[in-house]
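Novice: coords please:
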Amino acid sequence: MLKTVYALVGGDLFLQLEAMAKLVRQAGAEAHRIDVDGETAELATVLDELRTFSMFGGNKVVVVREAGDFIGRYRDALEKFIEHWRAGGGTLVFRVRSLPKTQRIYKLIEKTGQIIVCEAPERPGDLAAWAAQRAKAAHGLELTGDGAQQLAELIGRDLGRMDNELAKLALRVNGGKADAALVTSSASFQREQEMKALTMDLSAGQFAQAISRWRQLLQTDPTTEFRALVWLTLWLEDVRAAVAEPPRFQKFGWKYRNDPAGLQRFTQSARAIGADGLARLMHLLAQVDYLSKSGVGDMLRNVEMFLLSVAGQQARA
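Specialist: This next block holds a predicted model:
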């Protein structure tokens, strides 16, 4: 039987949806699920839904999406409700990006219901372990240690995409093992490697090579333009961490585990860009995204403009 209240806490959409699906299965086939938008929902409406029986019988599950604003507006009333709500009625589920453990409502949910953490692992080793466990449990796939590590390096903390790639690998090996070589042999990962190489060119100050690589990628695979902004954003995030949070930077130094010289070049590049240069580049990349989505110019030249700006920032150092 479901508990009275749950909070799915974290920014990983895949884990939130996985947890929500599990709760719905636990509620039973006849359960009646109602979803409301936390930014616009009224407390009275949500509580009325919980207190009334489902016309079809079975459990009633009321889900508040983006519940942070909802909790903030009705905190006191929600705390009283959660404290006195008893099992057997409807089940209230909050989907929220963050909920501090120090808040009373967190402690009440933990006491009378359950907090389900929905955050992707941060450390590369933990991410690789998640990939190996998910491969076996959900797809019947045996992922080797180096295969899991390579998958974590190529995809990062996007668990939804990682799960999708695991499903593809399971079809390819058909009961066998998936190692690092098999992971990197995927056509999509080969393109990802090229995009990663482009950002490595930026870190090394090889701007002509970065632009040449970008043009070649776009000619051979037009869909590259949809991934370029993602990779460039990730690269800027690494620059930000290297500039502002050196200890955190060490966490992603594993990307260069086989390339100490590359790690040194990246560190030098990040320092040359600096905090002010980083702010300008982040603003420019946002402009590139806006221009591309607005149909102003073309993606080839918009990204080239950004790459040249990176060169300019480093030249000023």
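
Novice: Could you list the domains of the protein?
Specialist: 5-117, 124-184, 188-316 (automatic domain parsing).

Novice: mind giving me JSON lines with the ones you listed and columns for mean neighbour count and mean pLDDT?
Specialist: Yep, even glycine has a C-beta here, placed from its N, CA and C like the rest. Conversion of those to JSON lines gives the following (neighbours: other Cβ atoms under 10 Å; pLDDT from 0 to 100):
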{"stretch": "domain 5-117", "mean neighbour count": "16", "mean pLDDT": "90"}
{"stretch": "domain 124-184", "mean neighbour count": "18", "mean pLDDT": "88"}
{"stretch": "domain 188-316", "mean neighbour count": "16", "mean pLDDT": "77"}
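
Novice: What are the contacting residues of the helix or strand hosting residue 16?
Specialist: Per DSSP states H and E: residue 16 is located in helix 13-27. Residues outside helix 13-27 that contact it (Cβ atoms under 8 Å, 6 or more residues apart in numbering): 2, 6, 8, 10, 31, 33, 58-59, 61, 63, 91, 93, 95, 116, 118-120, 158-160, 163.

Novice: Which elements pack onto the helix or strand containing residue 278?
Specialist: Here residue 278, judged by DSSP H and E, is contained in helix 260-294. Contact partners of helix 260-294 among helices and strands, from 3 or more Cβ pairs under 8 Å, 6 or more residues apart in numbering; DSSP states H and E: helix 187-204, helix 224-244, helix 299-316.

Novice: Which of the ones you listed sits closest to residue 282?
Specialist: Evaluated with Cβ to Cβ, these place helix 224-244 nearest to residue 282, the distance being 5.8 Å.

Novice: related to what we said a few turns ago, what would the helices and strands packed on helix 260-294 look like in CSV with distance to residue 109?
Specialist: Putting the helices and strands packed on helix 260-294 into CSV (distance: least, Cβ to Cβ, whole Å) gives the following:
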stretch, distance to residue 109
helix 187-204, 39
helix 224-244, 31
helix 299-316, 44
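
Novice: Could you find the closest non-adjacent residue to residue 11?
Specialist: Among residues not flanking residue 11 along the chain, residue 97 sits closest, at 5.1 Å (Cβ to Cβ, 6 or more residues apart in numbering).

Novice: Surely residue 104 is in contact with residue 79?
Specialist: Yes: using Cβ atoms under 8 Å, residue 104 is in contact with residue 79, at 5.7 Å.

Novice: Tell me what angle the helix or strand hosting residue 34 forms with helix 13-27.
Specialist: In this structure, residue 34 sits in strand 32-37 according to DSSP H and E. Inter-element angle recorded for strand 32-37 and helix 13-27: 150 degrees (by axes from the mean of the first three to the mean of the last three Cα atoms, to 10 degrees).

Novice: Doesn't residue 6 belong to a helix?
Specialist: No: counting by DSSP: H, G, I helix; E, B strand; the rest coil, residue 6 falls outside a helix, being strand.

Novice: Let me know the secondary structure of the nearest residue to it once chain neighbours are set aside.
Specialist: In space, and not counting its chain neighbours, residue 6 is closest to residue 93: 4.7 Å by Cβ to Cβ, 6+ apart. When classified by three-state DSSP, residue 93 comes out as strand.

Novice: Name the surrounding residues that touch stretch 77-93.
Specialist: With Cβ under 8 Å, 6+ apart, stretch 77-93 has contacts from 1-8, 20, 23, 27, 43, 46-47, 49-51, 59-64, 71, 104-105, 108-109, 112-113.

Novice: Sitting in helices, which of those do you find?
Specialist: Within the contacts of stretch 77-93, residues falling in helices by DSSP state H are 20, 23, 27, 43, 46-47, 49-51, 71, 104-105, 108-109, 112.

Novice: Now compare these and name the two farthest from each other.
Specialist: Across those (Cβ to Cβ), the longest gap, 26.9 Å, separates 27 and 104.

Novice: who's in contact with residue 41?
Specialist: 64, 70.

Novice: and stretch 112-129, C-alpha only, in CSV?
Specialist: Taking C-alpha atoms only, stretch 112-129 is exported to CSV below (Å, rounded to 0.1, in the frame of the first residue of the first chain):
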residue,chain,number,x,y,z
THR,A,112,5.0,10.0,7.5
GLY,A,113,5.9,9.2,3.9
GLN,A,114,9.1,8.9,1.9
ILE,A,115,11.7,11.2,0.3
ILE,A,116,13.0,9.7,-3.0
VAL,A,117,16.2,11.4,-4.2
CYS,A,118,16.3,11.9,-7.9
GLU,A,119,19.8,13.2,-8.6
ALA,A,120,22.3,11.7,-11.0
PRO,A,121,25.6,10.6,-9.5
GLU,A,122,28.3,13.3,-9.6
ARG,A,123,31.5,11.3,-9.3
PRO,A,124,32.6,9.5,-12.5
GLY,A,125,33.0,6.2,-10.6
ASP,A,126,29.5,6.4,-9.2
LEU,A,127,28.1,7.3,-12.6
ALA,A,128,29.9,4.3,-14.2
ALA,A,129,28.5,2.0,-11.4
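
Novice: If anything else comes up later, I'll come back, but that's it for now.
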